[in-house]
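[1] I need the structure of the sequence given here:
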Amino acid sequence: MSRTLFSTAALTAATLWLAASTAQAAPPGSSILIAGDSTASNYKQDKYPQTGWGMMLSCGLSPDVRVSNHAMGGRSTRTFIAEGRWDALMKDLQPGDTVLIQFGHNDAYKAKPERFAAPTTDYRDNLLRFIWSVRGAGGTPVLLTPVARRSFGADGKAKADFADYSAVVRDLAAKTATPLIDLEALSRAWVDKAGQEKSRAYYLHFGAQDGVAAFPKGIADDTHFSELGARGVADLVAGALKALNLPVSGRVLPVRPDLALATPLGKATGR
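    Residues are numbered from 1 along each chain as shown. Predicted structure coming up:
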């Protein structure tokens, strides 16, 4: 990530820390909590290189900021509530904390009705519940539009696969005066800049010949991130947090282009 530098040993230590992060106490206002899906969630080492952007967000923040990642794969706003995950996040929340809320991928999945939440009705209502709950507890909700997939249109440009959901998020943010990170727009521009071929490295594209233990038969996945992709998205989120001028914004580390890495940290031997 361009905001800091890690060796393999540091990455291992960070992974171990992440496993216990939700159980650690922190002073009020010093935590960022994440509600979301598989694109943001934590993964164990046996899933590497699959990485959620929430795993990498702490790399762009001051060491005194705790990132408590409640995101979980396969969850929509509907199932995040139904399974008690939102209640668990609220128990973890202290006054002054910031809550990043990013859903949409699974809400749009009509093939699984237990997940599906129509954008202008259930999805909107669930997001409203999240906003008022966080505010009622003295926290700051931040809405995020759904992060982009590696999906290109006929014009060769990255497209928004969840445009209806992003539109609801933007509208709610405006009408409720809730801080917004337009991650869909930011990540589409990031994918566009890389182009169709180079952006493969941001997602899970490995052949059986690559010898990736987590995917012995290979994988072609344009939704979930590799470590490089997760680091890139986390950098977008950190930069957007900085621009929001929230209390936590002052704890976003300055960008250090000289520390930008093109090599996955999990395979690095240090620099």
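[2] Can I get the longest helix along the chain in PDB, CA atoms only?
    For the chain, the helix with the greatest residue count under DSSP state H is helix 227-244. Taking Å, rounded to 0.1, in the frame of the first residue of the first chain, the C-alpha atoms of helix 227-244 are listed here in PDB:
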ATOM      1  CA  GLU A 227      -3.900  -8.700  -2.100                       C
ATOM      2  CA  LEU A 228      -2.800  -6.000  -4.700                       C
ATOM      3  CA  GLY A 229      -6.400  -5.200  -5.400                       C
ATOM      4  CA  ALA A 230      -7.400  -5.000  -1.700                       C
ATOM      5  CA  ARG A 231      -4.500  -2.700  -1.000                       C
ATOM      6  CA  GLY A 232      -5.600  -0.500  -3.900                       C
ATOM      7  CA  VAL A 233      -9.200  -0.200  -2.700                       C
ATOM      8  CA  ALA A 234      -8.100   0.400   0.900                       C
ATOM      9  CA  ASP A 235      -6.000   3.300  -0.400                       C
ATOM     10  CA  LEU A 236      -9.000   4.700  -2.200                       C
ATOM     11  CA  VAL A 237     -11.100   4.400   1.000                       C
ATOM     12  CA  ALA A 238      -8.400   6.000   3.200                       C
ATOM     13  CA  GLY A 239      -7.900   8.900   0.700                       C
ATOM     14  CA  ALA A 240     -11.700   9.500   0.700                       C
ATOM     15  CA  LEU A 241     -11.800   9.400   4.500                       C
ATOM     16  CA  LYS A 242      -9.100  12.000   4.600                       C
ATOM     17  CA  ALA A 243     -11.100  14.300   2.300                       C
ATOM     18  CA  LEU A 244     -14.300  14.000   4.400                       C
END
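[3] residue boundaries of the strands in the stretch 51-200 of the chain?
    For the stretch 51-200 of the chain, the strands defined by DSSP state E, counting those that start in this stretch cover 66-69, 98-102, 140-144, 180-181.
[4] Can I get these in TSV including distance to A230, mean neighbour count and mean pLDDT?
    Yep, even glycine has a C-beta here, placed from its N, CA and C like the rest. TSV is the format used below for the strands of the stretch 51-200 of the chain (distance: least, CB to CB, whole Å; neighbours: other CB atoms under 10 Å; pLDDT from 0 to 100):
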stretch	distance to A230	mean neighbour count	mean pLDDT
strand 66-69	12	22	97
strand 98-102	13	26	98
strand 140-144	15	23	98
strand 180-181	16	20	98
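[5] quick one: which of those strands is nearest G239?
    Of all the strands of the stretch 51-200 of the chain, strand 180-181 sits nearest to G239, with 9.3 Å by CB to CB.
[6] what packs against that closest one?
    strand 140-144, helix 163-176, helix 227-244 (3 or more CB pairs under 8 Å, 6 or more residues apart in numbering; DSSP states H and E).
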